[in-house]
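S.K.: return a 3D structure for these sequence lines:
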Amino acid sequence: MKNQNKYIFSCLLVILTNILPAQSNDFDQNYLNSLPDSIRQDVENELLKNKESKESKQVYLNPSSKLNKSQTILQWEKFKKENDLRQDESERYGMRLFNSMQSSFMPVNEPNFDSSYILDFGDVLGVDIYDAGFDKYKLDIKRDGSIVIPGVGKIYVAGLELSKAIDLVSSRISKILVLDSIVSLESVRDIQILMTGEIYFPGIYTFNGNTNPLHAVSMAGGIKESGSFRKVLIKRKGEIISQIDLYDALIFGNTSFNIQLQSGDTILIMPVQKLIRAGAGFLNRGLFELVKEETLDDLITFTGGFSSKFNTKKNELTLDRMSDDGSFITSSINLNNYTNFELNNYDFLRGQEFIIRKIKIEGEVKNPGTYSIQEGETISSAIIRAGGYTQNAFPFGGVLLSDKARKKEQKNLDKAYQDLISYLVSSSTTRSGQSATSLPLLLAELKNTKAVGRVVAEFDTIRLASGKATDTLLGDNDVINIPAFDNKVYVFGEVSEPGGIFYDDEYSAYDYLNSSGGLSKYADKRYIYIVDPNGIAKKMNLKNLSFLNNNNHSIYPGSIIYVPRNVEFRNEIEFISLISPIFTSLAVSIASLSAISND
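M.R.: Numbers count the residues shown, from 1 in each chain. You can find the predicted model right below:
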């Protein structure tokens, strides 16, 4: 790993001195084709973003009378995505279902329905009759509700459940022809439904005959923020024949709706009347809809109850309620006396939660493992809980990996990578020689580099207990690693023989460099880094090595000396100032962690 890192950062510096911009308006296509797939895709995306204009695209929906034409469904899905009015993820409970439904969940014309399916005009039955030979018929249900079987005659099946129709047809064949038969549903009818009210894409839709209201609402884009999940009306011939509560499906999993849609029906989404926000303390958070006469009891049921972090000892909720003048009034609800507590529109309820954090302690402690910590816990208290250090522990080389710092570091890495891609595209350069070969490797390495989030901290428990050093606060998912004592000093970079050298307390940095074969001809004497085991890096910005004989720059067991490659800043000054500090920082950080882990 160390040699690989050395090569990567050395080739960066070579690249910086060899990249020369060409005066061209077009990116070199041959060079683009030579890049690894992942890098080429990022460059192409950046090139696309830089185009001043794009070809306009239009989506045409071809009418189809059969939903089993998959192209129609794919076009509709594309249309919904490109015309989706929902910019931000909604707080409404259940809204995510409509945002995430896939085409495979949409109603297609496959005859795979249960025995309760009601037959009607347009359905097709398959009838297999077994005699000395084999007769197979596909029979459309006519407008009068009948099918006609050769040798048997007309049988009226419209309005019957599938199971009853199968029994009727089989018994008629057996009675007249005295033959066995198998009756099945071959394909189903299409129905036209008007979707209207508070729905994203109102209009007339063609569904299959077994579509339920949840499928239909999903195909029409889902319910708008202003729409009700609890009051979905089904109208037939101008009359309300059913009112559906989608919470039955979304919360309780009951998808057996008591209505079968027919062609000409209307699904009307009514406006929402009462929304209650459930916050901290509830198992599921978000905006929940309550209807008339529902109370706090119902809200708790809809949210799934209280979370495991809810403070049951306090056992109360905080209520924010809007007053007549538009301001919010805060009060408390004791859950021991909340029976049938009535809620108002836009009430906000939240409870107190225990904050549960965890850390991991690894390496030379007596009891390594994962620990739960309280707010305000520090490194010293965590080490005490882990039983203290072992005899081989090297607290000066202790490592604190912060999840919070890792996220910030990763953000900077991602920005550095994107800045480099943008630079390549905006400068429209043509590259050749070593830079053309090395640059893709460098880009790939930067893209794949994962932040570690190391924070410099004090691990000497005596200094921490005496107050001579700051005791660092710990955060959730932090990792403490206490290495074993390492009696070596590591020299990396532009030296003849990089590697580890046994520590000598009389050695200066100059002695360690000499023991590594001395500086190579490519070494930059002005920028030599000494990295202490605790992660602190000291940059030696001098023109000669005389300072290295000065022991003011202490070298400790486990320290790292890093010698960068010399760079002649002839061109690309702006580029170098942009990217080289990032890679220098990475080099020091990776080298430090490599030495600690003895990798």
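S.K.: quick one, strands of the stretch 51-200 of the chain?
M.R.: Ranges of strands within the stretch 51-200 of the chain are 124-130, 134-140, 146-149, 153-156, 180-187, 190-197, based on DSSP state E, counting those that start in this stretch.
S.K.: please read the previous query as pertaining to the stretch 301-450 of the chain.
M.R.: Going by DSSP E, counting those that start in this stretch, the stretch 301-450 of the chain shows strands at 316-322, 328-334, 348-351, 357-363, 369-373, 399-401.
S.K.: quick one: name whatever helix or strand follows the longest strand along the chain.
M.R.: Using DSSP state E, we find that the single longest strand of the chain is strand 227-236. The element immediately downstream of strand 227-236 (helix or strand, assigned by DSSP states H and E) is strand 239-244.
S.K.: so which residues make contact with that following strand?
M.R.: Pro213, Lys231, Val232, Leu233, Ile234, Lys235, Phe257, Asn258, Ile259 (Cβ atoms under 8 Å, 6 or more residues apart in numbering). Quick note: C-beta positions are derived from backbone N, CA and C, even for glycine.
S.K.: select, out of the strands of the stretch 51-200 of the chain, the one closest to Thr449.
M.R.: strand 190-197 (49.7 Å; Cβ to Cβ).
S.K.: which parts of the closest one are buried?
M.R.: Asp190, Ile191, Ile193, Leu194, Met195, Thr196, Gly197 (16 or more other Cβ atoms under 10 Å).
S.K.: report pLDDT for the last one.
M.R.: In this case it means Gly197. For Gly197, the pLDDT comes out at 95.
S.K.: next one: the second one
M.R.: pLDDT, Ile191: 89.
S.K.: how does this structure divide into domains?
M.R.: Split into domains by automatic domain parsing, the chain comes to 61-101+219-232+246-259+268-354, 124-187.
S.K.: just checking, Glu353 touches Phe310?
M.R.: Yes - using Cβ atoms under 8 Å as the test, Glu353 is close enough to Phe310 to be in contact (6.0 Å).
S.K.: got any residues that touch both of those two?
M.R.: Joint contacts of Glu353 and Phe310 (Cβ under 8 Å, 6+ apart) are Gly281.
S.K.: those two: which is more packed in?
M.R.: Phe310 (20 against 16; other Cβ atoms under 10 Å).
S.K.: the more buried one and Leu349, how far apart?
M.R.: 12 Å (Cβ to Cβ, to the nearest Å).
S.K.: and Thr295, what is it in contact with?
M.R.: With contacts defined as Cβ under 8 Å, 6+ apart, Thr295 is in contact with Asn340, Phe341, Glu342, Leu343.
S.K.: which phi and psi does the nearest residue to the second one once chain neighbours are set aside have?
M.R.: Looking back up the chat, that one is Phe341. Among residues not flanking Phe341 along the chain, Leu296 sits closest, at 4.1 Å (Cβ to Cβ, 6 or more residues apart in numbering). The phi and psi values for Leu296, taken as degrees, to the nearest 10, are phi -60, psi -30.
S.K.: isn't Leu296 up against Leu343?
M.R.: Yes - Leu296 lies in contact with Leu343 (Cβ under 8 Å); the separation is 6.1 Å.
S.K.: Ile361 bridge partners, please.
M.R.: Judged by DSSP bridges, the bridge partners of Ile361 are Gly369, Ile480.
S.K.: contacting residues for it?
M.R.: Per Cβ under 8 Å, 6+ apart, neighbours of Ile361: Asn367, Pro368, Gly369, Thr370, Tyr371, Ala382, Ile383, Ala386, Val479, Ile480, Ile482.
S.K.: ok, back up a step: of all the strands of the stretch 301-450 of the chain, which one is nearest Lys164?
M.R.: Of all the strands of the stretch 301-450 of the chain, strand 348-351 comes closest under Cβ to Cβ, at 49.7 Å.
S.K.: which neighbours do Leu296 and Leu343 share?
M.R.: Leu349.
S.K.: one step back: mutual contacts of Phe310 and Leu349, please.
M.R.: Common neighbours of Phe310 and Leu349 (Cβ under 8 Å, 6+ apart) are Phe282.
S.K.: one step back: export the strands of the stretch 51-200 of the chain to JSON lines and tack on distance to Asp511?
M.R.: Converted to JSON lines, these look like this (distance: least, Cβ to Cβ, whole Å):
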{"stretch": "strand 124-130", "distance to Asp511": "91"}
{"stretch": "strand 134-140", "distance to Asp511": "93"}
{"stretch": "strand 146-149", "distance to Asp511": "100"}
{"stretch": "strand 153-156", "distance to Asp511": "104"}
{"stretch": "strand 180-187", "distance to Asp511": "87"}
{"stretch": "strand 190-197", "distance to Asp511": "82"}
